Structure formats: structure tokens, C-alpha cells
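Trainee: structure of the sequence below:
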Amino acid sequence: MDKRRRGMMIVLSSPSGAGKTTLTRRLLADNPHMSMSVSATTRAPRSGEVEGQDYYFVNKDRFETMRGSGEFLEHAKVFDNYYGTPRGPVDEALAQGRDIIFDIDWQGAQQLTQAAADDLVRIFILPPDMTQLEERLRSRAQDSDDVIAKRMAKSESEISHWAEYDYVVLNDELEPALDELRTILAAERSRRKRQLWLQPFIKALVDG
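Mentor: All right, here's what the predicted structure looks like:
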């Protein structure tokens, strides 16, 4: 039997350094029918970036047109550039039973909730404590002390939105946190509303 299901939109949010990127990579490696959301952006492509894989690169006029016609599930301005998630590719993926991961903050999650709440699973990743969070940021050796201080200050604001999410996962150790995410996704995939095969099956079952 072809047990077709509708895909889902998975939001993973966390303060910087909580391990969200590592968890996301592991989930993508585990799930061949899962992919990252691809945003449209007005910034110029960087070396090695591929159109349609890393971003959809558009100019500001095109972005404004897309926003005005409701083509974005969510959008935001970051510094001098605009970013937005095109609705079309996501809708197509969901209809094919593919899951899409969104790496966005609480503001983007709020917009997605307004746009497509039924397809959305919101998960917030917490660090074990703020000391470890700062240690993880420093261990990257990517940011200056000033940037790390700004990230730590922003973390408190981000964590304050934890109650807006469906699930909260404490990333104290990677493997237990990953197992918890896998359990959440397995349960969400089994929800009745996502089982497209159920209605025709039950009709045939009752009709004999």
C-alpha cells in the first residue's frame, strides 16, 4: 500500500552556539526526503554559491514584487539585504511528502505560523547553560570578543521566546538531543492530518 503523507515544515531555532547547525546536518544525513529551505535574497552571490541550491538571487525590484504578490512565507531585512522564503517550492515539496527544515529565528517562526500553521512543527534548541554557550562560541574561533559579547546579549532575547514553540529540546549532549528530535519528527509524521492515504483507505474499508 502506498501510504502517502503530506510533508511538514520544521523550524529549528536557537541562540547562536546551541548546536542547531550540527543537529540539522545530522537530521539531513538521516533523512533523504528532507531538505533545507532555500531563501530568496537581494545580496550578491558569494564565491561557490549555486543559484537555487544556496539561494535564489534576485534584485530588490523583483523581491518587492514577490513580497507584494504574497509569494513569500516569511521575509526579513538583515542589514542592507532582504531575505524571504518563496512559497512555491515549499508547497511543491510538501505535496510530494518531503520535509523542509527552516533555519530561522523566532520572528520568522511567527510569520510561518501565520502563513502555514497546519504544516508547521516548531522546535527550540536550548543550551545546557550560558557558560557552555559562551564556551561553544569561543571554541569556533570564528568571532572576536566583541562579536561574541553581542551574540551572548542577543541569546537572552532569543531564549525568552521558547514558549512560542511546540517542542523544546535541551542540547546538553548531542546524541540524546538528536534522538529526541528523531522521536518528535516520527510522531509528527504520523499525525492523522498528514496521512493522505487514510481517507480513501477507510472509504474502501467501509464500502467493502
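
Trainee: give me the average confidence score over the helix or strand containing residue 203.
Mentor: According to DSSP states H and E, residue 203 maps onto helix 198-207. Averaging pLDDT along helix 198-207 gives 94.

Trainee: extract the C-alpha set from that helix and format it as CSV.
Mentor: Extracted C-alpha coordinates of helix 198-207, given in CSV (Å, rounded to 0.1, in the frame of the first residue of the first chain):
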residue,chain,number,x,y,z
LEU,A,198,-6.2,7.3,5.2
GLN,A,199,-9.5,8.8,3.8
PRO,A,200,-9.6,6.7,0.6
PHE,A,201,-8.4,3.6,2.5
ILE,A,202,-11.2,3.9,5.1
LYS,A,203,-13.8,4.6,2.5
ALA,A,204,-12.7,1.4,0.7
LEU,A,205,-12.6,-0.5,4.0
VAL,A,206,-16.2,0.6,4.9
ASP,A,207,-17.5,0.0,1.4
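
Trainee: residues contacting that helix, please?
Mentor: For helix 198-207, the surrounding residues in contact (C-beta atoms under 8 Å, 6 or more residues apart in numbering) are 1, 192. Any C-beta I mention is one placed from the backbone N, CA and C, and that applies to glycine too.

Trainee: what residues sit buried inside the helix or strand encompassing residue 156?
Mentor: Using DSSP H and E, residue 156 falls within helix 145-159. By 16 or more other C-beta atoms under 10 Å, the buried positions in helix 145-159 come out as 148, 151-152, 155, 158-159.

Trainee: swap in stretch 179-191?
Mentor: Buried residues in stretch 179-191, counted by 16+ other C-beta under 10 Å: 180-181, 184-185, 188-189.

Trainee: run through who's touching that stretch.
Mentor: Residues from elsewhere that reach stretch 179-191 (C-beta under 8 Å, 6+ apart): 5, 8, 10, 23, 27, 30-31, 99, 121, 123, 167, 169, 194.

Trainee: and what of stretch 96-112?
Mentor: Contacts for stretch 96-112 (C-beta under 8 Å, 6+ apart): 4-13, 20-21, 24, 27-28, 31, 33-37, 73-76, 85, 90, 93-94, 120, 122, 158, 161, 164-165, 185, 189.
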